[in-house]
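Q: I'd like to go over a predicted model; first the sequence, then the structure.
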Amino acid sequence: MSFAKQVRRFQLKTQLSMDIIIRKLLFDAYQNLLSLSPVLTGRFRASWRMSVGQPDLSVEPERESAGPGSGKLQSASTGEVATAIAGVDTTQDQTYWFTNNLPYARPLENGSSQQNPLGIVSQAFTALVAEVEKIRRIG
């Protein structure tokens, strides 16, 4: 059975719309990228971008400190991420991109961080694949 048919069966069993399923997968993927990102100043975590159709090559500008004297930058809030995902047209067959364009993103992914030597994208992708596999099994 094709993956599309399995997702449709999952949709029927759970009474969830395809729109909700796609939005949940996008939100979870983005949240995993944020939570797996090492934090020194917060600049890396704040620079994750999500786009549709083509990669967003920009870098999130530095933000105010997360708290007085913390020295850490604020990353996008859960509300900002939810708002961005709410604006996505899930009725179209599209490619969704998650990018981080800081020059040290690739070294971090390749294990240069002591906070997360296993990389960020690879672990977030593994978690996303596990979620999709769960949908396939239910479907």
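A: Looks like it came in fine. Residues are numbered from 1 along each chain as shown.
Q: tell me which element the residue nearest the centre of the chain is part of?
A: Computing the C-alpha centroid of the chain and ranking residues by CA atoms, centre = their mean puts residue 30 first, at 1.8 Å. Assigned by DSSP states H and E, residue 30 falls within helix 18-36.
Q: next one: residue 56
A: Per DSSP H and E: nothing holds residue 56, as it lies in no helix or strand.
Q: Double-check it against residue 47; I have them as touching.
A: No: counting by CB atoms under 8 Å, residue 56 stays clear of residue 47, with 10.4 Å between them. From N, CA and C alone the C-beta is placed, and that goes for glycine too.
Q: circling back to that earlier point, what sits against the residue nearest to the centre of the chain?
A: 48, 50, 81, 85, 98 (CB atoms under 8 Å, 6 or more residues apart in numbering).
Q: which pair in those spans the largest distance?
A: 48 and 85 (12.9 Å; CB to CB).
Q: Between the two, point out the one with more neighbours.
A: residue 48 (24 against 19; other CB atoms under 10 Å).
Q: which phi and psi does that one have?
A: phi -70, psi 130 (degrees, to the nearest 10).
Q: Isn't it up against residue 97?
A: No: the criterion here is CB under 8 Å, and residue 48 misses it with residue 97 at 10.8 Å.
Q: Could you list the low-pLDDT ranges of this structure?
A: For the chain, the stretches flagged by pLDDT under 70 are 1, 3-4, 7, 15, 60-79, 139.
Q: Okay, strands next: where are they in it?
A: For the chain, the strands defined by DSSP state E occupy 48-52, 96-100.
Q: Turn those into CSV, including distance to residue 116.
A: Output for the strands of the chain, formatted as CSV (distance: least, CB to CB, whole Å):
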stretch, distance to residue 116
strand 48-52, 14
strand 96-100, 13
